[in-house]
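Novice: Return a 3D structure for these sequence lines:
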Amino acid sequence: MFKTLKLVYEGTRSHTGYHKLFKDVKDTFYGLCKEFIKGCVKCAYKKPQNNIAPLKPISSKHFMHRGQLDLVDKRADPEGPFCWIGHYIDHFSKFNFFWPQERKSAIEVAHNLKVHVFSVIGLPFILQHDNGREFCNDIIRETIKIWPGGNVKIITGRPRHPRTQGLVEQVHNSLHRLLAAKRSETPGSGWLEHLYEVQYSLNTQHHSSIKHVDGFGRGCGKGYNECDLGNWMAWGRCDARCGGGTQQRQKAMCCDVNKVKTLDQCLVMQDD
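Specialist: This next block holds a predicted model:
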């Protein structure tokens, strides 16, 4: 069998690939399969070598160091005048903000950023958007007009790039899934009715990458104490020292929540 394949392959086909060889011999010989024909060493050497560098994850040094902005297209399922869902996520804490939008315009995005995000947590150091350089610049320009005194660095990337928008796309998948579940529980309801409920659900669930709950490390209804907030702040300091890796942050954490009683003690231990 090997001699027959070798004669046909190296003679008439001259290593043109297993697809063409399989079509030539399948009508004459019985029991041959593509996996058997794939065993040609010369064809294996002919395959192009795709040496693609691994994706380097984006690291954030502290809370509000980097914010990622995107718009979810709901034109196929509008809710009254609203055809878009605005989404802002803090890259460090994975904290989400959602809001409905009528149009995909820079002025409306800037206004909603002011109302829903910047009035609560302030301006980020880096604002990242993948809807194009011109659109992003317009957003920043209008935002600065509405919210003066900010020094925001603009970073743009191509749409739906896995390195720049991977986190945002993961949240979008969760958003669509949770909205569909809520609407199935209440037939006839729209996505706007459940949007903020889903936002609360996403912000109070355990996040696998940061190993705790998005909302400053505490679940819903559990409350906060001084050491919890200090421990969460120390997490940001360890992230800045260790380059953003989860394991490095956990190793660098020197604040024991079972022993430290006050916020001042917690911060002193971190500085030491």
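
Novice: Listing request: residues of the stretch 151-272 of the chain with sub-threshold pLDDT.
Specialist: Along the stretch 151-272 of the chain, the model assigns pLDDT under 70 to residues 157-167, 207-272.

Novice: Flag every buried residue along stretch 180-195.
Specialist: For stretch 180-195, burial by neighbour count (16 or more other CB atoms under 10 Å) applies to K182, R183, G190, W191, H194, L195. All C-beta spots, glycine's among them, are computed from the backbone N, C-alpha and C.

Novice: Likewise for stretch 58-69?
Specialist: I58, S60, H62, F63, M64, H65, R66, G67, Q68, L69.

Novice: So which of the residues you listed sit within strands?
Specialist: Among the buried residues of stretch 58-69, the members falling in strands (DSSP state E) are R66, G67, Q68, L69.

Novice: that older thread, farthest pair in the buried residues of stretch 180-195?
Specialist: R183 and L195 (11.0 Å; CB to CB).

Novice: Domain-wise, how is this protein divided?
Specialist: Domain assignment for the chain by automatic domain parsing gives 2-46, 66-213, 226-271.

Novice: Report the mean per-residue pLDDT for the shortest one.
Specialist: I take that to be domain 2-46. Across domain 2-46, the average pLDDT comes to 62.

Novice: How about stretch 70-88?
Specialist: 93.

Novice: Report the separation between the two terminal residues of it.
Specialist: 7 Å (CA to CA, to the nearest Å).

Novice: got it, and stretch 98-107?
Specialist: The first-to-last residue distance of stretch 98-107 comes to 17 Å (CA to CA).

Novice: Could you do stretch 92-109 as well?
Specialist: Across stretch 92-109, first to last residue, CA to CA, it's 22 Å.

Novice: on that earlier part again, turn the buried residues of stretch 180-195 into JSON lines, columns for distance to S174 and secondary structure.
Specialist: Shown next, in JSON lines, are the buried residues of stretch 180-195 (distance: CB to CB, whole Å; DSSP: H, G, I helix; E, B strand; the rest coil):
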{"residue": "K182", "distance to S174": "12", "secondary structure": "helix"}
{"residue": "R183", "distance to S174": "15", "secondary structure": "helix"}
{"residue": "G190", "distance to S174": "19", "secondary structure": "coil"}
{"residue": "W191", "distance to S174": "14", "secondary structure": "helix"}
{"residue": "H194", "distance to S174": "13", "secondary structure": "helix"}
{"residue": "L195", "distance to S174": "13", "secondary structure": "helix"}
